[in-house]
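Trainee: Quick one, structure for this:
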Amino acid sequence: MTATLSTPTTVIPKIQWEKLPADFILPDDPVENIYQPIQAAALREILDLAGFVTPDMLIGSNLGICATVNNKIVVKAPDWFYIPSVFPVEPGVNQF
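Mentor: Below you'll find the predicted structure:
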């Protein structure tokens, strides 16, 4: 018996951040945990009251994050997310 070592290959996915097509239907599946919105709000409030939230952070919940990964539209809906540092919105940019 001969053992051979192979080097694992790393495939980097092609990710594109684009506006969804107008006819794309977002899934509206029921949530697994009906207490999730309350838990997310409580977590955010606890961090804020403890002084851990700063203006350059982004904390959110109850939304869909969409991207095209290897030419396939992928939608994820995290219960809660935290981004430690984001750029401010530039003056004159419509935020909604």
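Trainee: So what does the residue most central in space within the chain look like in phi/psi?
Mentor: Taking C-alpha atoms, centre = their mean, the centroid of the chain lies closest to Ile65, which sits 4.9 Å from it. Backbone geometry at Ile65, expressed as degrees, to the nearest 10, gives phi -110, psi 120.
Trainee: distance of Lys14 from Ala67?
Mentor: Going from Lys14 to Ala67 by C-beta to C-beta, to the nearest Å gives 10 Å. Just so you know, the C-beta spots here come from the backbone N, C-alpha and C atoms, and that holds for glycine as well.
Trainee: List of residues touching stretch 14-21?
Mentor: Outside stretch 14-21, the residues that touch it by C-beta atoms under 8 Å, 6 or more residues apart in numbering are Leu26, Cys66, Ala67, Thr68, Val69, Asn70, Asn71, Ile73.
Trainee: Please give the element, helix or strand, for Pro91.
Mentor: For Pro91, there is no host helix or strand (DSSP states H and E).
Trainee: Tell me how many other residues surround it.
Mentor: 5 (other C-beta atoms under 10 Å).
Trainee: can you check Pro21 too?
Mentor: 8.
Trainee: for Glu32, same thing?
Mentor: Neighbour count of Glu32, defined by other C-beta under 10 Å: 7.
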